[in-house]
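Peer 1: The following block contains a protein sequence and its predicted model.
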Amino acid sequence: MSSRLRNPELPDPPKQKLRKTFRNSFFLSKVFAQISTFNTGLAKEGNALLTREHVVSESLEELFGIQDRIRKRAS
């Protein structure tokens, strides 16, 4: 190991390399799981926002319709 400290270009011993690969793959799997959870949360929030936007746009259309009827009666 001390020779590796002096020369970092030496390859990892096989066992250490396997442990490092396992550690990296485990870490990456946790990161991907967090990204997946985050994306699911974003999708749910996006759907909720679209639903709210749809309700608001329907309400606005209804209000503009009422406003038009009031204008027609006034004229």
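Peer 2: The structure has been received and is ready for your questions.

Peer 1: Distance from stretch 20-38 to the middle of the chain?
Peer 2: The chain centroid and the centroid of stretch 20-38 are separated by 15 Å under C-alpha atoms, centre = their mean, to the nearest Å.

Peer 1: One more: stretch 54-70?
Peer 2: On C-alpha atoms, centre = their mean, the centre of stretch 54-70 falls 34 Å from that of its chain.

Peer 1: Ok, stretch 21-41 next?
Peer 2: Relative to its parent chain, stretch 21-41 has a centroid offset of 12 Å by C-alpha atoms, centre = their mean.

Peer 1: contact partners of that stretch?
Peer 2: Residues external to stretch 21-41 that are found in contact with it (C-beta atoms under 8 Å, 6 or more residues apart in numbering): none. Using the backbone N, CA and C atoms, a C-beta is placed for each residue, glycine as well.

Peer 1: what about it, average pLDDT?
Peer 2: Throughout stretch 21-41, pLDDT has a mean value of 89.

Peer 1: Can you list the residue ranges for helices in this protein?
Peer 2: Ranges of helices in the chain, per DSSP state H, are 2-6, 14-74.
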